[in-house]
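**Student:** Predicted model, plus sequence, below.
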Amino acid sequence: MTPLVRGVSILGYGMALLCCRAALLSVGMQRTAAVARRLAKPKDKRGYPVDPYGVVRDVAVAAALLPMRARCLEQSLVAHIALRRIGVDATLRLGVQPYGFIAHAWVEVAGRPVNERGELIRKLAVFPRPLL
């Protein structure tokens, strides 16, 4: 964990995942995405490097500790917001596989997925426009 990310604990990411789930269930994807856009404005641009994989790992650990299953969309939304707030240019992406339907969300930094393996993404038709 980098010093910049220490401001958010595993508990904080867990709370964010729960809020994300509640927002998706109560107001839907469009309104949740609108709130996420506002929350994802950079707040902290310090001079030392940030490890985006550390943020993603901490979100995944928080998701594993929850009594419910945090889906890829929820984890990716929380990771995206956290990365953007600390000044990392992250992009939230969505993709689908139409036959044998699979939908998936992930975060990219500099065009590379940070919370997903490339082999799954290569099977998906990626939406041309990033979600956030």
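**Tutor:** It's in. As the structure is a computational prediction, the values presented were derived from the model and not from experiment. Numbering: from 1, shown residues only.
**Student:** Tell me the buried residues in the longest helix seen in the chain?
**Tutor:** Ranked by number of residues, the top helix in the chain under DSSP state H is helix 10-39. The neighbour-count criterion (16 or more other C-beta atoms under 10 Å) identifies 13-14, 16-18, 20-21, 23-24, 32-33, 36, 39 as the buried residues of helix 10-39. The C-beta positions use only the backbone N, C-alpha and C, and glycine is treated the same way.
**Student:** okay, which residue is most central for the chain?
**Tutor:** What sits nearest the mean C-alpha location of the chain, by C-alpha atoms, centre = their mean, is Ser76, with 2.2 Å.
**Student:** which ones are touching it?
**Tutor:** Ser76 makes contact with 92, 105-107, 115, according to C-beta atoms under 8 Å, 6 or more residues apart in numbering.
**Student:** any idea which element Leu73 lies in?
**Tutor:** Per DSSP states H and E: Leu73 is located in helix 72-85.
**Student:** Quick check: the nearest residue to Ala90 once chain neighbours are set aside vs Gly54, distance?
**Tutor:** Leaving out its chain neighbours, the residue that sits closest to Ala90 by C-beta to C-beta, 6 or more residues apart in numbering is Leu83, at 3.9 Å. Relative to Gly54, Leu83 is positioned 10 Å away (C-beta to C-beta, to the nearest Å).
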